[in-house]
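Engineer: I'd like to go over a predicted model; first the sequence, then the structure.
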Amino acid sequence: MSDYKLYIGSHVSMNSPEFYLGSVKEALSYGANTFMFYTGAPQNSYRKPLSELKIQEGRKVLQEAGLDESKLIVHAPYIINGANKTREDLFDLSIKLIGSEIVRTAGFGCKILVLHPGAHVSQGYDAGIDNLAECLDIIFKKDNTDVKIALETMAGKGTEIGITFEQIRAIIDKCHYPERLGVCLDTCHISDAGYDIHDVDGILKEFDRVIGLDKLLVVHINDSKNPRGAHKDRHENIGYGYIGFETLSKFIHHPLLNGIPKILETPYINEKPPYKQEIEMLKDGKFIEGWKENF
């Protein structure tokens, strides 16, 4: 497909002293033309002011490299759980944090914020979906950015919501601002949730039927350490898990996914990022036997 536009990259770090400038340089070193990052540590709510993160310097390098900022991805911190209202203080904190992350995403010039839908804890799936929709309504009512939230498909650990396309659809339907919502499809997660990951055409057809491919904003490309339906969410390097290179390559090059950013979140090998190697293989559509052992 000669006019296919492949946007492929990985999660990158954002550390001192270069912060966002360093993130951009890291992504370019992998041969990526998109990437995903956190605006601060994913496990807490502490955030440095945007003015300290060398954003303009990073954006200048992005522009010089010809990267499209609308294809870059921000990931919200893990501690957010807008699906749980058993404690109002934590629910209010989630509203505050998501709202802040949307503003910060816009501050980087980015348009997409990936969000884990959260866990209902002990309230049941329907209540969790209602709670998250309420959380998002409160945020969007006050927000004046054009950032979209991409709800991530989840593996089904514990009481996670968002493990089926129908649950994601329900969240979108219950939110009063559906135009602000999209989806992040994670290959490891949907396989662990029970979908037949190897039936790529079937999965995309089902996604389109239930949610609509126009809502698909980003795809996380991850192999899985566990078999279908395990509900474990343990990512594996490309070609070394139960999903395998051939299937992941189909997602990368599928004509229905033209122009949609594809992001790797695979594990480091010997404390080193494997993304340059994985990106090259996926671009070429050719698996190199033993690449991980020789990394």
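Structural biologist: Yes, it's here. For clarity, every value in this text was computed on a predicted model and none was experimentally measured. Numbers count the residues shown, from 1 in each chain.
Engineer: shouldn't residue 169 be in contact with residue 209?
Structural biologist: No: in this structure, residue 169 is not within contact of residue 209 by CB atoms under 8 Å, at 9.9 Å. All C-beta spots, glycine's among them, are computed from the backbone N, C-alpha and C.
Engineer: which one of those two has more residues nearby?
Structural biologist: The neighbour comparison of residue 169 against residue 209 (other CB atoms under 10 Å) goes to residue 169, with 19 against 11.
Engineer: State the pLDDT value of the more buried one.
Structural biologist: You'll see residue 169 listed with a pLDDT of 98.
Engineer: State the phi and psi torsions of it.
Structural biologist: Residue 169 adopts backbone torsions of phi -60, psi -40, taken as degrees, to the nearest 10.
Engineer: Against residue 210, how distant is it?
Structural biologist: 5 Å (CB to CB, to the nearest Å).
Engineer: cool, and residue 95?
Structural biologist: According to CB to CB, residue 95 and residue 210 sit 27 Å apart.
Engineer: again, but for residue 24
Structural biologist: Counting by CB to CB, the separation of residue 24 from residue 210 is 36 Å.
Engineer: In this structure residue 235 contacts residue 268, no?
Structural biologist: No: taking CB under 8 Å as the definition, residue 235 is not a contact partner of residue 268, at 10.8 Å.
Engineer: ok, the two, which is more surrounded?
Structural biologist: Taking other CB under 10 Å, residue 235 and residue 268 do not tie; residue 235 has more neighbours (23 against 11).
Engineer: Quick check: bridge partners of that one?
Structural biologist: With DSSP bridges as the criterion, residue 235 is bridged to residue 224.
Engineer: Contact partners for it?
Structural biologist: Going by CB atoms under 8 Å, 6 or more residues apart in numbering, residue 235 touches 188, 222-225, 241, 265-267.
Engineer: What ranges does the stretch 1-150 of the chain have for its strands?
Structural biologist: 8-11, 34-37, 73-75, 112-115, 148-152 (DSSP state E, counting those that start in this stretch).
Engineer: Tell me which of those strands approaches residue 285 most closely.
Structural biologist: strand 8-11 (11.8 Å; CB to CB).
Engineer: Compare residue 24 and residue 210 (neighbour count), which wins?
Structural biologist: More neighbours surround residue 24 than the other of residue 24 and residue 210, with 28 against 15 (other CB under 10 Å).
Engineer: unless I'm mixing things up, that one is touching residue 62, no?
Structural biologist: Yes: Residue 24 is in contact with residue 62 according to CB under 8 Å; the separation is 5.5 Å.
Engineer: So for stretch 253-261, mean pLDDT?
Structural biologist: On average, stretch 253-261 scores 98.
Engineer: what do you get for stretch 146-164?
Structural biologist: 98.
Engineer: Distance from the chain centre to that stretch, please.
Structural biologist: Mean-position distance between stretch 146-164 and its chain equals 10 Å (CA atoms, centre = their mean, to the nearest Å).
Engineer: which parts of that stretch are buried?
Structural biologist: Across stretch 146-164, burial judged by 16 or more other CB atoms under 10 Å covers 147-157, 159-164.
Engineer: same thing with stretch 220-238?
Structural biologist: Going by neighbour count (16+ other CB under 10 Å), the buried part of stretch 220-238 is 220-226, 228, 230-238.
Engineer: now do stretch 99-108
Structural biologist: By neighbour count with 16+ other CB under 10 Å, stretch 99-108 contains the buried residues 99-102, 104-108.
Engineer: taking the residues you listed one by one, which sit in helices?
Structural biologist: In this view, the buried residues of stretch 99-108 that belong to helices under DSSP state H are 99-102, 104-107.
Engineer: got CSV for these, with distance to residue 29 and pLDDT too?
Structural biologist: Output for those, formatted as CSV (distance: CB to CB, whole Å; pLDDT from 0 to 100):
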residue, distance to residue 29, pLDDT
99, 33, 98
100, 30, 97
101, 26, 97
102, 29, 98
104, 24, 98
105, 23, 98
106, 26, 98
107, 24, 98
